[in-house]
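# Sequence first, then the predicted structure:
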Amino acid sequence: MFRCVNSANETDENMLKHFLSLWPGWQNYNAANILSTPSWKLFVKSRDISSGGEEIIACLIFSVVSPTAEVIDLYVLPSSRKQGIAKHLFMYATAQLNHLDKVSEIILEVRPSNKPARSLYQSLGFLLIAERKKYYSDGENAMILRKDLSH
Ligand SMILES: CC(C)(COP(=O)(O)OP(=O)(O)OC[C@H]1O[C@@H](n2cnc3c(N)ncnc32)[C@H](O)[C@@H]1OP(=O)(O)O)[C@@H](O)C(=O)NCCC(=O)NCCS
């Protein structure tokens, strides 16, 4: 199931807390704080688990200041990759942002060395608009990509 997780829902908060513990770079972040950040929207793909309930297997975070949504981060659990999950999560989130939040462009940063992510964004129709030199702490440049949703 693809959906937007909700700060008012305790089950969502617990699912996100577990997912963050598996997401490199996000282990020290607090799920409640993330969900209550006003401009942030989190879209997830979840699946049913045998013990009942659901677990998140992919998460896509945006900062939304209409008409622009900026991707904060995206992560699919390693065991669930290469099944089209990131692509379909992106398509779901994009349609929601476009219809409900009047978003007409999506911007993101990606490392030139991140081939899977670059292929994903290319397949979704993102175009290179700029490069930021030595953007990352290890000195790697960032590619700035944009997708126009206005037509
Ligand atoms: C990048 C990432 C989100 C892709 O997730 P995914 O669910 O495996 O991607 P999908 O299965 O939806 O793939 C969609 C397209 O992306 C590309 N792609 C995905 N994984 C790829 C890989 N390992 N190598 C090359 N291309 C890849 C392909 O073009 C694919 O289209 P195709 O299936 O028609 O060939 C995932 O690898 C991930 O979580 N990586 C670590 C975090 C990260 O890098 N996030 C991005 C930050 S900018």
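Sure thing, it's come through.

# Which residue ranges of the chain form strands?
2-4, 40-48, 54-65, 68-76, 105-110, 127-132, 142-148 (DSSP state E).

# and of those, who's closest to T11?
strand 54-65 (7.9 Å; CB to CB). Yep, even glycine has a C-beta here, placed from its N, CA and C like the rest.

# Now do the buried residues in the closest one.
I56, I57, A58, C59, L60, I61, F62, V64 (16 or more other CB atoms under 10 Å).

# that older thread, got CSV for the strands of the chain, with mean pLDDT and distance to the ligand too?
Output for these, formatted as CSV (pLDDT from 0 to 100; distance: least, CB to the nearest ligand atom, whole Å):
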stretch, mean pLDDT, distance to the ligand
strand 2-4, 93, 12
strand 40-48, 96, 9
strand 54-65, 97, 6
strand 68-76, 98, 4
strand 105-110, 98, 4
strand 127-132, 98, 14
strand 142-148, 98, 9
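
# how about those strands in JSON lines, adding distance to L120?
Listed next are these as JSON lines, based on distance: least, CB to CB, whole Å:
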{"stretch": "strand 2-4", "distance to L120": "16"}
{"stretch": "strand 40-48", "distance to L120": "14"}
{"stretch": "strand 54-65", "distance to L120": "11"}
{"stretch": "strand 68-76", "distance to L120": "8"}
{"stretch": "strand 105-110", "distance to L120": "9"}
{"stretch": "strand 127-132", "distance to L120": "14"}
{"stretch": "strand 142-148", "distance to L120": "11"}
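
# what's the closest of these to N30?
Nearest of those (CB to CB): strand 40-48, 12.8 Å.

# Give the buried residues for that closest one.
Those would be K41, L42, F43, V44, K45, S46, for strand 40-48 by 16+ other CB under 10 Å.

# Reformat these into a markdown table and put distance to W23 next to each item.
Shown next, in a markdown table, are those (distance: CB to CB, whole Å):
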| residue | distance to W23 |
| --- | --- |
| K41 | 17 |
| L42 | 12 |
| F43 | 14 |
| V44 | 12 |
| K45 | 14 |
| S46 | 14 |
